[in-house]
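*Asks:* sharing a sequence plus its predicted fold:
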Amino acid sequence: MNLEEARSQMLGQQIRAWEVLDDRVLGALGDTPRESFVPDAYRDLAFADMEIPLAHSQQMLAPKVEGRLLQALCLESSDDVLEIGTGSGFLTACLAQLASSVVSIDIYEDFSRAAKENVEKLELGDIEFRTEDALVMGHQEQFDAIAVSGSIPNLDEHFIRMLRPGGRLFVIVGRAPVMEARVVTMHQRGDYAQESLFESVIAPLINADRPVPFVL
């Protein structure tokens, strides 16, 4: 497989075709070696328009969905980002190129460990990997942007309360076969607005159907 040709086709035929036109986002997606983040058995499919299977019955998001996610967050170089669902670490690496710092959380320790090893090879910026359940983390930390890489059945305020004023949350809400990608923007006065982006079906976050406890 010609990697550079496959990468170029991914950017042009999948990502741009899905209305991802932000040059910084396209640069991050093109500069990050996606082939280094997929399992060896799927290396030849690294740039295909599909989800890539990972361990624990999880999936790496399709490139066009990752592109829309990154574009929807409107990241600035000064932003602090929370990623919920580290997975392969590819999206983590892209976020790190667009923002000031990234905290990436996954419930599976082996995902966090492998992603950290891959990302460190790229010598990117300020990235912290944590192994924990984001659905039970507290709200003391706040972020300029939050990327949720798994779906949740209903939009609740658990993640929204971790947004700073002006912060953006990307999340896919619903149950198969009907799910909707949304961006939620926190206003300065404390209320928030939602925008529907597109329909997609992705795997739910682990424990997403469990009631979220009240955490200060």
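*Replies:* Perfect, I can see it now.
*Asks:* rest of the way, CA atoms for contacts and neighbours
*Replies:* OK.
*Asks:* next SSE after the longest helix anywhere in the chain?
*Replies:* Looking across the chain with DSSP state H, the single longest helix is helix 109-120. Once helix 109-120 ends, the next helix or strand along the chain (criterion: DSSP states H and E) is strand 126-131.
*Asks:* and that following strand, what's buried?
*Replies:* Using 16 or more other Cα atoms under 10 Å as the test for burial, strand 126-131 gives 127, 129-131.
*Asks:* can you dump the C-alpha atoms of the longest helix of the chain in CSV for me?
*Replies:* C-alpha atoms of helix 109-120 as CSV (Å, rounded to 0.1, in the frame of the first residue of the first chain):
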residue,chain,number,x,y,z
GLU,A,109,-5.6,0.8,31.1
ASP,A,110,-4.0,-1.0,28.1
PHE,A,111,-5.6,1.6,25.7
SER,A,112,-4.1,4.5,27.8
ARG,A,113,-0.7,2.8,27.9
ALA,A,114,-0.5,2.0,24.2
ALA,A,115,-1.7,5.4,23.2
LYS,A,116,0.8,7.1,25.4
GLU,A,117,3.6,5.1,23.8
ASN,A,118,2.5,6.0,20.3
VAL,A,119,1.9,9.6,21.0
GLU,A,120,5.3,10.1,22.8
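*Asks:* give me the angle between it and strand 126-131.
*Replies:* Relative orientation of helix 109-120 versus strand 126-131 (axes from the mean of the first three to the mean of the last three Cα atoms, to 10 degrees): 170 degrees.
*Asks:* what's the closest of the buried residues of strand 126-131 to Ala115?
*Replies:* For the buried residues of strand 126-131, the minimum distance to Ala115 (Cα to Cα) is 8.3 Å, reached by Phe129.
*Asks:* which other helices and strands does the longest helix of the chain contact?
*Replies:* Using 3 or more Cα pairs under 8 Å, 6 or more residues apart in numbering; DSSP states H and E, the elements in contact with helix 109-120 are helix 90-98, strand 126-131.
*Asks:* and the angle from that helix to helix 90-98?
*Replies:* Here helix 109-120 runs at an angle of 40 degrees relative to helix 90-98 (the same axes, to 10 degrees).
*Asks:* show the average pLDDT along helix 109-120.
*Replies:* Averaging pLDDT along helix 109-120 yields 96.
*Asks:* contacts for it?
*Replies:* 36-37, 86-90, 92-93, 105-106, 129-131 (Cα atoms under 8 Å, 6 or more residues apart in numbering).
*Asks:* Leu45: neighbouring residues, count only.
*Replies:* Look at Leu45: counted by other Cα atoms under 10 Å, it has 17 neighbours.
*Asks:* contacting residues for it?
*Replies:* Neighbouring residues of Leu45 by Cα under 8 Å, 6+ apart: Ile52.
*Asks:* next: Pro63.
*Replies:* 10, 14-15, 47-50 are the contacts of Pro63 under Cα under 8 Å, 6+ apart.
*Asks:* wait, Val173 sits on Gln194?
*Replies:* No. In this structure, Val173 is not within contact of Gln194 by Cα atoms under 8 Å, at 11.7 Å.
*Asks:* identify the contacts common to the two.
*Replies:* Common neighbours of Val173 and Gln194, using Cα under 8 Å, 6+ apart, are Arg182.
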